[in-house]
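> 3D model of this:
(2 chains)
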Amino acid sequence: MLKQTEGSRAVAEAVALCRPEVICAYPISPQTHIVEALGEMVKDGSLAPCEFINVESEFAAMSVAIGASAAGARSYTATASQGLLYMAEAVYNASGLGLPIVMTVANRSIGAPINIWNDHSDALSQRDSGWLQLFAETNQEALDLHIQAFRLAEELSLPVMVCMDGFILTHAYERVDMPTQAQVDAYLPTYEPRQVLDPADPVSIGAMVGPEAFMEVRYLAHAKQLQALERIPAFAAEFRQIFGRDSGGLTHTYRTEDAETIIVAMGSVLGTIKDVVDEMREEGHRIGVLGITLFRPFPIARVREGLQGAKRVVVLEKSMAIGLGGILSTNVRMALSGLHMHGYTVIAGLGGRAITKKSLHGLFREAEQDALESVTFLDLDWNMVNKQLEREKAHRRSGPVAENLLRDVGVVAARNY
Amino acid sequence: MFQVRIHGRGGQGVVTAAEMLSVAAFDEGRHAQAFPSFGSERMGAPVVAFCRISDREIRLREPIMEPDAIIIQDPTLLHQVDVFAGLKQDGYILINTNKTFDQLGLGDMIRDWRQERLCTVPAMELALKHVGRPVPNVPLLGGFAAIAGVLKIESVIKAISERFAGKVAAGNIAAAKEAYAIVIAEMEAARRKENQHA
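Numbers count the residues shown, from 1 in each chain, chains lettered A, B, ... in the order given. Modelled structure (predicted):
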């Protein structure tokens, strides 16, 4: 059924249709509306049987999810930013133990400086944690990916993180097609655990493993992730049969046929990029887009196939590997190994900096001229940066950077329009 | 695509207003996208929300920097925030006030503007009268339905009844209808005046 609703609400309803049995919740912006809505559904009995557990921290949220999942319950939680960092130890445990937990990450930057706005730093900090990571472009895709995530997680016995841009998607009201319970039931079979804590058939889960077998356990985690590369397209195809729309998969290409320049990105910024690409195509520019839906496992072969006809690739990412450049772009470079083409990394939108069509038009035209630096910071205010560098040169006790910069720009209230 | 930016203060229902606009547009079968300017919102602090309305799917995710219409829920913001930033020439302005544009000190700014696109409505008073609470957002949506011709007042009323129930819904609907009538009358007066000058 078509409805106009908030992204968080849409995800909460989709999660509820997946019949989770345990939901652990600890509030942090911008995911809070999701678990609040689920809490209401459990309380009013519309989501039953389900236990909604308020925990004392994100570390506890993931720990409770681990326990619930090990006991055979379909388990869900959501977090963001510092919350994801705080649960990091348990995040690795969930995947290391092979427990099919589904978690929404409402993407937000990581402090310091503290910042509640959107970028991809939080989820990408956990890229090597062993979780599968899916990135949604729209609210429709966010809700669809949650349904696919439970299927995928339980089939592979691995946890899945569904990443959606905080605020930009979670707090946006837009049109979504909400599936019926019958459709979701047809797509998502009852959870059959590979391992379960059952008093009638006792096992232990979580043994200490020494050098004699640790590498083999790790290799199997890698091999299992790679299986997802084959399963995901099949699950997406089955999803299309039941729900009647394309959602999920490994990557999405847009107007890449004959494209000389291809922009690679993840998440909601793909929409703005597509609008710019349409406008540039009308002026005769040969430009297209490759959107990455699956970040872990990284679909190396598919990315290579999608990009190899281009003359240049611009990876635009809301994340940064400090001291190196980009995170997404480093992964994309792996896929382009041995191909001769220009490659550019563009860091954009950190901490909620708006990524505008106007800036993208300028950026993509510069890329077409091969006039970009290998690592570019979109809309960086060099005056602000240089002023601080001068200050540090002039005074030993130059003071805290964030406070200095705020004083320089005279910010009374953050604005992004 | 028609783009609206709403300015107000935390507690005045700025974000709710943008969401309800999007619901009204959806009810007319159109695509709409509403979102807040994401910040640490507090009671009384300046808040901005946005709404895009289109006949096609909306993919754009940038904030609205060149709005077709601006709704100002709190006129004290005029001295604090550049509320008109990027407003298109001859865009629509709707202010919650019982003063005129001249009295608000905006006379010079809007001298060459199309007068029927400049509207004021005493939304706070309408809200107090019909709802009993100083929340100007919903009456302003009624006023918006009159100015821009983008949405029907019936769709706004439907969106109100989807959001609220009982007495609150009825009061807000009455306030929105009265605001709609006030703005229609203002626009007609402005047109008559322009015709006399012509």
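> so A:Cys50 touches A:Ala25, yeah?
No. Assessed by C-beta atoms under 8 Å, A:Cys50 is found out of contact with A:Ala25, at 11.8 Å. (Each C-beta comes from the backbone N, C-alpha and C, glycine too.)
> more neighbours, those two?
A count of neighbours by other C-beta atoms under 10 Å in any protein chain shown puts A:Ala25 above the other of A:Cys50 and A:Ala25, at 24 against 19.
> Leaving out chain neighbours, which residue sits closest to that one?
Using C-beta to C-beta, 6 or more residues apart in numbering or on different chains and skipping the chain neighbours, the partner closest in space to A:Ala25 is A:Val35 (3.9 Å).
> And the pLDDT at the one you found?
Looking at A:Val35, its pLDDT reads 97.
> do the same with B:Gln89
We have a pLDDT of 84 for B:Gln89.
> you'd agree it is in a helix?
No. With DSSP: H, G, I helix; E, B strand; the rest coil as the criterion, B:Gln89 is coil rather than part of a helix.
> That one: neighbour count?
For B:Gln89, using other C-beta under 10 Å, the count is 7.
> swap in B:Gln73?
Neighbours of B:Gln73 (other C-beta under 10 Å): 25.
> Could you list which residues are in contact with it?
B:Gln73 makes contact with B:6-9, B:12-14, B:17, B:96, B:123, B:136-137, B:140 under the criterion C-beta atoms under 8 Å, 6 or more residues apart in numbering or on different chains.
> cool, and A:Ala65?
By C-beta under 8 Å, 6+ apart, the neighbours of A:Ala65 are A:22, A:24, A:75-77, A:94, A:99, A:101, A:103.
> And it, which helix or strand is it part of?
Of the helices and strands defined by DSSP states H and E, A:Ala65 is found in helix A:58-70.
> pull the CA atoms of that helix into PDB?
The C-alpha trace of helix A:58-70 is given here as PDB (Å, rounded to 0.1, in the frame of the first residue of the first chain):
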ATOM      1  CA  GLU A  58      24.600   0.100  23.200                       C
ATOM      2  CA  PHE A  59      27.100  -2.500  24.400                       C
ATOM      3  CA  ALA A  60      24.200  -4.100  26.300                       C
ATOM      4  CA  ALA A  61      21.900  -3.800  23.300                       C
ATOM      5  CA  MET A  62      24.300  -5.900  21.200                       C
ATOM      6  CA  SER A  63      25.000  -8.300  24.000                       C
ATOM      7  CA  VAL A  64      21.300  -8.900  24.600                       C
ATOM      8  CA  ALA A  65      20.800  -9.400  20.800                       C
ATOM      9  CA  ILE A  66      23.700 -11.900  20.900                       C
ATOM     10  CA  GLY A  67      22.100 -13.800  23.700                       C
ATOM     11  CA  ALA A  68      18.600 -13.700  22.200                       C
ATOM     12  CA  SER A  69      19.900 -14.900  18.800                       C
ATOM     13  CA  ALA A  70      21.900 -17.700  20.300                       C
END
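> after that helix, next one along is what?
strand A:75-79.
> what is the mean pLDDT for that next one?
Mean predicted confidence for strand A:75-79 is 98.
> Kindly calculate the angle that that strand makes with helix A:58-70.
For strand A:75-79 against helix A:58-70, the angle by axes from the mean of the first three to the mean of the last three C-alpha atoms, to 10 degrees is 160 degrees.
> Parallel or antiparallel, list what pairs with strand A:75-79.
Strand A:75-79 has its sheet partners listed here by DSSP bridges as strand A:22-25 (parallel), strand A:102-107 (parallel).
> just checking, next helix/strand downstream of that strand?
With DSSP H and E, the next secondary element past strand A:75-79 is helix A:81-86.
> what's whichever helix or strand comes after that following helix packed up against?
Counting by DSSP H and E, the next helix or strand C-terminal to helix A:81-86 is helix A:88-96. Packing partners of helix A:88-96 (3 or more C-beta pairs under 8 Å, 6 or more residues apart in numbering or on different chains; DSSP states H and E): helix A:58-70, helix A:214-243.
> how close does the residue nearest to the spatial centre of chain B sit to A:Val15?
Nearest residue to the geometric centre of chain B (C-alpha atoms, centre = their mean): B:Ile71, 3.6 Å. B:Ile71 sits 34 Å away from A:Val15, going by C-beta to C-beta, to the nearest Å.
> Understood, closing this out.
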